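Peer 1: Next one to model:
(one chain, ligands or ions: 1)
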Amino acid sequence: MKKPLLLGVVGFPLSHSQSPDLHNRWLRTVHLSGVYLPFEVSPSKLKRFFRMAQKVRLDGFNVTVPHKEKIIPLLDIVSKAAKTIGAVNTVVRKRARWYGDNSDWQGYLFSYKARFKKKPLKGKRIVLLGAGGAARAIVYALCHEKVSEIIIANRNAGRAEKLVRHFNRHFPHIPKRALPLNSKKLGEFLAKTDLLINATTVGLGNSRFSKSPIRSLRHKAIVSDIVYNPPLSPLLKEAKKSGHPILPGVGMFLHQAALSFELWTGKKPRGPRGMTLS
Ligand SMILES: NC(=O)c1ccc[n+]([C@@H]2O[C@H](COP(=O)([O-])OP(=O)(O)OC[C@H]3O[C@@H](n4cnc5c(N)ncnc54)[C@H](OP(=O)(O)O)[C@@H]3O)[C@@H](O)[C@H]2O)c1
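Peer 2: A predicted model of the protein is given here:
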(Lines give C-alpha, C1' and ligand atoms only; values in the text may rest on other atoms or scores of the structure.)
Protein backbone atom coordinates (compact mmCIF):
# COMPACT_ATOMS: atom_id res chain seq x y z
CA MET A 1 0.00 0.00 0.00
CA LYS A 2 1.21 3.49 -0.86
CA LYS A 3 2.42 5.56 2.14
CA PRO A 4 0.09 8.50 2.98
CA LEU A 5 1.45 11.84 1.77
CA LEU A 6 3.24 13.89 4.38
CA LEU A 7 3.14 17.60 3.50
CA GLY A 8 3.35 20.88 5.37
CA VAL A 9 4.37 24.51 5.57
CA VAL A 10 7.45 25.91 7.33
CA GLY A 11 7.45 29.51 8.53
CA PHE A 12 7.58 31.77 11.55
CA PRO A 13 5.07 32.77 12.86
CA LEU A 14 2.41 30.54 11.31
CA SER A 15 -0.72 31.22 13.37
CA HIS A 16 -2.22 33.28 10.47
CA SER A 17 -1.63 30.60 7.80
CA GLN A 18 -4.68 29.28 5.97
CA SER A 19 -2.58 26.74 4.03
CA PRO A 20 -3.14 23.70 6.34
CA ASP A 21 -6.95 24.12 6.13
CA LEU A 22 -6.88 24.55 2.38
CA HIS A 23 -4.51 21.68 1.52
CA ASN A 24 -6.11 19.20 3.95
CA ARG A 25 -9.46 20.00 2.34
CA TRP A 26 -8.02 19.54 -1.15
CA LEU A 27 -6.41 16.18 -0.17
CA ARG A 28 -9.87 14.97 0.88
CA THR A 29 -11.63 16.23 -2.25
CA VAL A 30 -9.20 14.41 -4.59
CA HIS A 31 -9.39 11.29 -2.34
CA LEU A 32 -5.71 11.14 -1.45
CA SER A 33 -4.63 9.89 1.94
CA GLY A 34 -2.23 12.24 3.61
CA VAL A 35 -1.86 15.22 5.89
CA TYR A 36 -0.57 18.81 5.61
CA LEU A 37 0.94 20.13 8.84
CA PRO A 38 2.15 23.55 10.06
CA PHE A 39 5.83 23.61 11.15
CA GLU A 40 6.49 26.81 13.07
CA VAL A 41 10.28 27.02 12.92
CA SER A 42 12.39 30.02 13.96
CA PRO A 43 15.26 31.10 11.64
CA SER A 44 17.96 29.56 13.88
CA LYS A 45 16.24 26.13 13.66
CA LEU A 46 15.72 25.90 9.87
CA LYS A 47 18.64 23.48 9.33
CA ARG A 48 17.37 21.25 12.11
CA PHE A 49 13.88 21.26 10.52
CA PHE A 50 15.45 20.23 7.22
CA ARG A 51 17.24 17.26 8.82
CA MET A 52 13.92 16.25 10.41
CA ALA A 53 12.18 16.54 7.00
CA GLN A 54 14.74 14.11 5.55
CA LYS A 55 14.42 11.69 8.46
CA VAL A 56 10.60 11.51 8.46
CA ARG A 57 10.54 11.57 4.63
CA LEU A 58 8.34 14.59 4.09
CA ASP A 59 7.02 14.45 0.52
CA GLY A 60 6.96 18.20 0.16
CA PHE A 61 6.33 21.48 1.90
CA ASN A 62 5.59 25.15 1.40
CA VAL A 63 8.06 27.73 2.61
CA THR A 64 6.89 31.08 3.90
CA VAL A 65 8.27 34.18 5.65
CA PRO A 66 11.09 34.37 6.80
CA HIS A 67 12.62 31.26 5.18
CA LYS A 68 11.97 31.71 1.44
CA GLU A 69 15.55 32.82 0.67
CA LYS A 70 17.44 30.95 3.42
CA ILE A 71 16.09 27.56 2.26
CA ILE A 72 17.80 27.81 -1.17
CA PRO A 73 21.34 26.61 -0.18
CA LEU A 74 19.82 23.57 1.55
CA LEU A 75 18.16 22.27 -1.65
CA ASP A 76 19.60 19.95 -4.34
CA ILE A 77 17.87 21.55 -7.36
CA VAL A 78 16.22 24.99 -7.73
CA SER A 79 14.04 26.00 -10.70
CA LYS A 80 15.24 28.80 -12.99
CA ALA A 81 12.31 31.02 -11.95
CA ALA A 82 12.98 30.53 -8.22
CA LYS A 83 16.69 31.28 -8.78
CA THR A 84 15.91 34.52 -10.62
CA ILE A 85 13.31 35.57 -8.05
CA GLY A 86 15.69 34.57 -5.26
CA ALA A 87 12.98 32.80 -3.26
CA VAL A 88 11.49 29.30 -2.98
CA ASN A 89 7.94 28.74 -1.72
CA THR A 90 7.45 25.08 -2.73
CA VAL A 91 9.75 22.13 -2.01
CA VAL A 92 9.22 18.62 -3.42
CA ARG A 93 11.15 15.46 -2.56
CA LYS A 94 11.94 13.66 -5.82
CA ARG A 95 13.89 10.39 -5.54
CA ALA A 96 15.56 11.42 -2.29
CA ARG A 97 16.54 14.83 -3.73
CA TRP A 98 15.00 18.16 -2.76
CA TYR A 99 13.64 20.34 -5.56
CA GLY A 100 12.65 23.97 -4.93
CA ASP A 101 10.29 26.08 -7.01
CA ASN A 102 8.33 29.33 -6.75
CA SER A 103 4.59 29.25 -7.50
CA ASP A 104 3.88 32.84 -6.35
CA TRP A 105 4.69 34.41 -9.72
CA GLN A 106 2.48 32.05 -11.70
CA GLY A 107 -0.19 32.24 -9.00
CA TYR A 108 -0.31 36.00 -9.53
CA LEU A 109 -0.54 35.67 -13.32
CA PHE A 110 -3.24 32.97 -13.21
CA SER A 111 -5.28 35.09 -10.83
CA TYR A 112 -4.90 38.21 -13.04
CA LYS A 113 -5.74 36.34 -16.23
CA ALA A 114 -8.78 34.63 -14.69
CA ARG A 115 -10.23 38.04 -13.75
CA PHE A 116 -9.06 40.20 -16.69
CA LYS A 117 -9.08 37.92 -19.73
CA LYS A 118 -9.46 40.85 -22.12
CA LYS A 119 -6.78 43.09 -20.59
CA PRO A 120 -3.43 41.38 -21.24
CA LEU A 121 -0.50 42.66 -19.21
CA LYS A 122 1.69 43.06 -22.31
CA GLY A 123 2.44 46.75 -22.86
CA LYS A 124 0.82 47.90 -19.59
CA ARG A 125 2.35 50.53 -17.28
CA ILE A 126 2.61 49.27 -13.71
CA VAL A 127 3.08 50.87 -10.29
CA LEU A 128 4.12 48.29 -7.70
CA LEU A 129 4.16 49.17 -3.99
CA GLY A 130 6.64 47.04 -2.01
CA ALA A 131 10.02 45.43 -2.61
CA GLY A 132 9.90 42.31 -0.40
CA GLY A 133 9.75 38.63 -1.36
CA ALA A 134 6.26 38.75 -2.89
CA ALA A 135 7.13 41.89 -4.87
CA ARG A 136 10.14 40.08 -6.38
CA ALA A 137 7.89 37.24 -7.61
CA ILE A 138 5.47 39.80 -9.08
CA VAL A 139 8.23 41.72 -10.89
CA TYR A 140 9.34 38.40 -12.41
CA ALA A 141 5.75 37.71 -13.52
CA LEU A 142 5.35 41.21 -15.03
CA CYS A 143 8.66 40.98 -16.92
CA HIS A 144 7.64 37.54 -18.18
CA GLU A 145 4.47 39.13 -19.62
CA LYS A 146 6.44 41.99 -21.25
CA VAL A 147 4.78 44.95 -19.53
CA SER A 148 6.02 48.34 -20.79
CA GLU A 149 7.33 49.81 -17.50
CA ILE A 150 7.45 49.03 -13.78
CA ILE A 151 7.67 51.75 -11.12
CA ILE A 152 8.61 50.22 -7.76
CA ALA A 153 7.84 52.37 -4.70
CA ASN A 154 8.98 51.16 -1.31
CA ARG A 155 9.26 52.59 2.21
CA ASN A 156 12.93 51.63 2.16
CA ALA A 157 13.94 53.08 -1.24
CA GLY A 158 17.33 51.30 -1.17
CA ARG A 159 15.55 47.94 -1.23
CA ALA A 160 13.54 49.02 -4.31
CA GLU A 161 16.75 50.19 -6.04
CA LYS A 162 18.37 46.82 -5.34
CA LEU A 163 15.38 45.05 -6.83
CA VAL A 164 15.55 47.21 -9.98
CA ARG A 165 19.29 46.49 -10.39
CA HIS A 166 18.69 42.76 -9.93
CA PHE A 167 15.89 42.50 -12.51
CA ASN A 168 17.67 44.80 -14.97
CA ARG A 169 20.31 42.07 -15.24
CA HIS A 170 17.65 39.48 -16.15
CA PHE A 171 15.18 41.64 -18.12
CA PRO A 172 17.17 44.66 -19.39
CA HIS A 173 14.59 45.62 -22.04
CA ILE A 174 11.81 46.46 -19.58
CA PRO A 175 12.22 49.95 -18.06
CA LYS A 176 12.08 49.98 -14.27
CA ARG A 177 12.40 52.76 -11.75
CA ALA A 178 12.68 52.82 -7.95
CA LEU A 179 11.10 55.50 -5.74
CA PRO A 180 10.58 56.09 -2.03
CA LEU A 181 6.94 55.37 -1.11
CA ASN A 182 6.48 58.95 0.08
CA SER A 183 8.02 60.55 -3.04
CA LYS A 184 6.04 63.40 -4.64
CA LYS A 185 6.92 61.92 -8.04
CA LEU A 186 4.83 58.82 -7.29
CA GLY A 187 1.63 60.81 -7.97
CA GLU A 188 2.80 61.52 -11.55
CA PHE A 189 3.27 57.81 -12.24
CA LEU A 190 -0.03 56.89 -10.57
CA ALA A 191 -1.81 59.35 -12.88
CA LYS A 192 -0.50 57.43 -15.93
CA THR A 193 -0.58 53.84 -14.71
CA ASP A 194 -2.77 50.98 -15.99
CA LEU A 195 -2.33 48.75 -12.94
CA LEU A 196 -1.51 49.54 -9.30
CA ILE A 197 -0.34 46.55 -7.24
CA ASN A 198 0.09 46.53 -3.48
CA ALA A 199 2.70 43.96 -2.42
CA THR A 200 3.46 45.53 0.97
CA THR A 201 2.02 44.24 4.23
CA VAL A 202 -0.12 47.41 4.51
CA GLY A 203 -3.73 46.23 4.55
CA LEU A 204 -3.10 43.30 6.90
CA GLY A 205 -5.48 43.63 9.84
CA ASN A 206 -7.14 46.59 8.02
CA SER A 207 -4.03 48.81 8.27
CA ARG A 208 -3.88 51.75 5.80
CA PHE A 209 -1.32 53.76 3.84
CA SER A 210 -0.63 57.13 5.48
CA LYS A 211 -1.32 58.75 2.08
CA SER A 212 -3.78 56.84 -0.09
CA PRO A 213 -2.46 56.16 -3.64
CA ILE A 214 -6.04 55.96 -4.98
CA ARG A 215 -6.51 59.76 -4.95
CA SER A 216 -3.78 60.26 -7.60
CA LEU A 217 -4.65 57.19 -9.64
CA ARG A 218 -5.59 57.25 -13.33
CA HIS A 219 -9.32 56.85 -14.00
CA LYS A 220 -10.21 53.16 -14.61
CA ALA A 221 -6.76 51.84 -13.60
CA ILE A 222 -6.96 48.33 -12.15
CA VAL A 223 -6.12 48.03 -8.42
CA SER A 224 -4.64 44.75 -7.21
CA ASP A 225 -3.85 43.96 -3.58
CA ILE A 226 -2.09 40.70 -2.70
CA VAL A 227 -3.03 41.02 0.98
CA TYR A 228 -5.84 38.47 1.45
CA ASN A 229 -6.63 38.91 5.11
CA PRO A 230 -9.04 40.77 5.19
CA PRO A 231 -10.36 39.58 1.79
CA LEU A 232 -11.24 43.18 0.84
CA SER A 233 -8.41 45.39 2.10
CA PRO A 234 -8.98 49.11 2.85
CA LEU A 235 -7.13 49.92 -0.42
CA LEU A 236 -9.49 47.71 -2.44
CA LYS A 237 -12.56 49.10 -0.65
CA GLU A 238 -11.51 52.63 -1.53
CA ALA A 239 -10.65 51.66 -5.12
CA LYS A 240 -14.03 49.95 -5.59
CA LYS A 241 -15.82 53.00 -4.22
CA SER A 242 -13.97 55.20 -6.75
CA GLY A 243 -15.01 52.94 -9.66
CA HIS A 244 -11.71 51.10 -10.25
CA PRO A 245 -11.76 47.41 -11.26
CA ILE A 246 -10.14 45.40 -8.45
CA LEU A 247 -8.17 42.17 -8.02
CA PRO A 248 -8.26 40.74 -4.46
CA GLY A 249 -5.27 38.74 -3.11
CA VAL A 250 -7.21 35.55 -2.43
CA GLY A 251 -6.98 34.64 -6.14
CA MET A 252 -3.17 34.63 -6.03
CA PHE A 253 -3.26 32.70 -2.75
CA LEU A 254 -5.49 29.95 -4.21
CA HIS A 255 -3.63 29.69 -7.53
CA GLN A 256 -0.15 29.51 -5.97
CA ALA A 257 -1.44 26.88 -3.53
CA ALA A 258 -2.99 24.86 -6.38
CA LEU A 259 0.32 24.89 -8.28
CA SER A 260 2.17 23.58 -5.20
CA PHE A 261 -0.52 20.91 -4.68
CA GLU A 262 -0.11 19.77 -8.28
CA LEU A 263 3.68 19.54 -7.89
CA TRP A 264 3.29 17.23 -4.87
CA THR A 265 0.33 15.11 -5.99
CA GLY A 266 0.16 15.35 -9.78
CA LYS A 267 -3.51 16.31 -9.33
CA LYS A 268 -5.40 19.56 -9.83
CA PRO A 269 -7.27 20.45 -6.64
CA ARG A 270 -11.05 20.68 -6.54
CA GLY A 271 -12.81 22.37 -3.70
CA PRO A 272 -16.11 23.38 -2.19
CA ARG A 273 -17.47 26.89 -2.73
CA GLY A 274 -15.16 29.63 -1.47
CA MET A 275 -12.06 27.48 -1.90
CA THR A 276 -12.55 26.79 -5.61
CA LEU A 277 -10.42 28.24 -8.36
CA SER A 278 -12.20 30.51 -10.82
N1 LIG B 1 -1.92 36.55 -1.96
C2 LIG B 1 -0.87 35.76 -1.85
O3 LIG B 1 -0.85 34.61 -2.31
C4 LIG B 1 0.37 36.27 -1.19
C5 LIG B 1 1.61 35.63 -1.40
C6 LIG B 1 2.74 36.14 -0.76
C7 LIG B 1 2.62 37.25 0.09
N8 LIG B 1 1.39 37.82 0.28
C9 LIG B 1 1.25 38.99 1.14
O10 LIG B 1 2.09 40.02 0.62
C11 LIG B 1 2.57 40.85 1.66
C12 LIG B 1 4.08 41.01 1.55
O13 LIG B 1 4.69 39.75 1.76
P14 LIG B 1 6.28 39.54 1.57
O15 LIG B 1 6.52 38.10 1.64
O16 LIG B 1 6.77 40.30 0.39
O17 LIG B 1 6.83 40.27 2.89
P18 LIG B 1 8.26 40.97 3.12
O19 LIG B 1 9.30 40.31 2.27
O20 LIG B 1 8.44 41.02 4.59
O21 LIG B 1 8.06 42.48 2.56
C22 LIG B 1 7.21 43.37 3.22
C23 LIG B 1 6.99 44.62 2.37
O24 LIG B 1 6.03 45.46 3.02
C25 LIG B 1 6.61 46.76 3.25
N26 LIG B 1 6.06 47.35 4.49
C27 LIG B 1 5.97 46.75 5.70
N28 LIG B 1 5.37 47.60 6.58
C29 LIG B 1 5.11 48.75 5.89
C30 LIG B 1 4.51 50.00 6.24
N31 LIG B 1 4.06 50.23 7.47
N32 LIG B 1 4.36 50.94 5.28
C33 LIG B 1 4.80 50.70 4.02
N34 LIG B 1 5.38 49.55 3.62
C35 LIG B 1 5.53 48.58 4.55
C36 LIG B 1 8.10 46.51 3.34
O37 LIG B 1 8.78 47.71 3.12
P38 LIG B 1 10.30 47.89 3.67
O39 LIG B 1 11.18 47.20 2.68
O40 LIG B 1 10.49 49.37 3.68
O41 LIG B 1 10.35 47.27 5.04
C42 LIG B 1 8.25 45.47 2.19
O43 LIG B 1 8.21 46.12 0.93
C44 LIG B 1 2.09 40.19 2.97
O45 LIG B 1 0.94 40.87 3.39
C46 LIG B 1 1.74 38.78 2.56
O47 LIG B 1 0.72 38.21 3.36
C48 LIG B 1 0.27 37.37 -0.34
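
Peer 1: Please make it C-alpha for all contacts and neighbour counts, starting now.
Peer 2: Noted.

Peer 1: care to break the chain down by domain?
Peer 2: According to automatic domain parsing, the chain comprises the domains 5-102+253-265, 117-244.

Peer 1: and the last one, average pLDDT?
Peer 2: Taken as a whole, domain 117-244 has a mean pLDDT of 97.

Peer 1: how about a markdown table for the domains of the chain, with mean neighbour count and distance to Ser111 added?
Peer 2: Formatted as a markdown table, these follow (neighbours: other CA atoms under 10 Å; distance: least, CA to CA, whole Å):
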| stretch | mean neighbour count | distance to Ser111 |
| --- | --- | --- |
| domain 5-102+253-265 | 18 | 7 |
| domain 117-244 | 18 | 10 |
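
Peer 1: In this protein, where's the longest helix?
Peer 2: helix 250-265 (DSSP state H).

Peer 1: next one: that helix to chain centre, how far?
Peer 2: 11 Å (CA atoms, centre = their mean, to the nearest Å).

Peer 1: That one vs the ligand: in contact?
Peer 2: Yes: legend: contact between helix 250-265 and the ligand by CA under 6 Å from any ligand atom is shown at Val250, Met252, Phe253.

Peer 1: which residues are in contact with that helix?
Peer 2: Counting contacts by CA atoms under 8 Å, 6 or more residues apart in numbering, the residues outside helix 250-265 that touch it are 19, 23, 59-60, 62, 90, 92, 103-111, 226-228, 231, 267-269, 275-277.

Peer 1: among these, which are in reach of the ligand?
Peer 2: Of these, the ones that also sit near the ligand (CA under 6 Å from any ligand atom) are Ile226, Val227, Tyr228.

Peer 1: In terms of distance to Leu235, which of those residues ranks first?
Peer 2: Set against Leu235, the nearest of those by CA to CA is Val227 (9.9 Å).

Peer 1: Can you give me the neighbour number for the closest residue to the closest one other than its chain neighbours?
Peer 2: Excluding the flanking residues, the one nearest Val227 by CA to CA, 6 or more residues apart in numbering is Gly249, at 5.2 Å. Other residues within reach of Gly249, judged by other CA atoms under 10 Å, total 24.
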